[in-house]
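*Asks:* Dropping a prediction and its sequence here:
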Amino acid sequence: MTDDPYGIDPVEPAPVDQRDDQAVLEGAGDFTSGEGLVAFAGMVVVAAWIIFGVLANTYWVAWLALVPAIAAVLLPRLDRANVERFHPLPLLMKVLGYAIALVGLLTIIEDVRFAGSQLDEIFEIIGALVTYAGFVMAFFGARQIEV
């Protein structure tokens with residue numbers, strides 16, 4: 001009989017040395033690494049541009065943020081040997097991640113500065129927040145990449 005009035009036995013966690021971290025990460029996909037996070041951040045920025053800029057015509061992402069975001073999406077999908085002839089892919093993804101984050105920081109500062117004349121509709125605010133999330137993900141992904 002247990003001490004719990006509901007009859008549920010508490011499950012003790014496995015000791016750290018018996019956990020299989022590789023099995024946990026096996027199904028996680030491409031977005032667990034820093035490079036994958038930068039690529040996902042690029043997808044978020046491009047998707048925000050398509051949804052909130054092109055389709056809804058409310059919040060436009062600057063082209064200066066779109067160029068490294070599109071490159072971060074496409075670069076890992078190209079033939080790795082061809083990419084690595086120029087520079088190592090992790091280095092390129094780190095640079096692209098920091099470029100997206102830097103342009104994002106400037107975009108956020110500009111949006112805050114001119115907040116009275118823009119960001120007055122809810123759909124526009126949602127578009128801005130989604131884009132900001134992409135900028136932050138790019139920064140954290142770039143920090144995780146070991147070169």
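*Replies:* Great, that's in hand.
*Asks:* alpha carbons only for contacts and neighbour counts from here, please
*Replies:* Noted.
*Asks:* Find the centremost residue of the chain, please.
*Replies:* A41 (2.8 Å; CA atoms, centre = their mean).
*Asks:* can you tell me which residues contact that residue?
*Replies:* A41 makes contacts with 69, 133-135, 137-138, as judged by CA atoms under 8 Å, 6 or more residues apart in numbering.
*Asks:* redo that, cut-off 10 Å
*Replies:* 31, 35, 47, 69-70, 72-73, 97, 100-101, 131-141 (CA atoms under 10 Å, 6 or more residues apart in numbering).
*Asks:* With P88 as the reference, measure out to the nearest residue to it once chain neighbours are set aside.
*Replies:* Of all residues not flanking A41 in the chain, G134 sits nearest, at 4.5 Å (CA to CA, 6 or more residues apart in numbering). According to CA to CA, to the nearest Å, G134 stands 23 Å off from P88.
*Asks:* Which one of these two is surrounded by more residues?
*Replies:* G134 (27 against 13; other CA atoms under 10 Å).
*Asks:* So that one sits against V61, correct?
*Replies:* No - counting by CA atoms under 10 Å, G134 stays clear of V61, with 11.2 Å between them.
*Asks:* list the residues that contact both of those two?
*Replies:* Counting by CA under 10 Å, 6+ apart, the residues touching both G134 and V61 are 45-46, 48, 104, 128.
*Asks:* Redo the residues you listed as a markdown table? Include pLDDT.
*Replies:* Shown next, in a markdown table, are the shared contacts of G134 and V61 (pLDDT from 0 to 100):
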| residue | pLDDT |
| --- | --- |
| V45 | 97 |
| V46 | 97 |
| A48 | 97 |
| G104 | 96 |
| A128 | 94 |
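*Asks:* now those in JSON lines, with distance to L119 and secondary structure?
*Replies:* Converted to JSON lines, the shared contacts of G134 and V61 look like this (distance: CA to CA, whole Å; DSSP: H, G, I helix; E, B strand; the rest coil):
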{"residue": "V45", "distance to L119": "17", "secondary structure": "helix"}
{"residue": "V46", "distance to L119": "19", "secondary structure": "helix"}
{"residue": "A48", "distance to L119": "15", "secondary structure": "helix"}
{"residue": "G104", "distance to L119": "16", "secondary structure": "helix"}
{"residue": "A128", "distance to L119": "8", "secondary structure": "helix"}
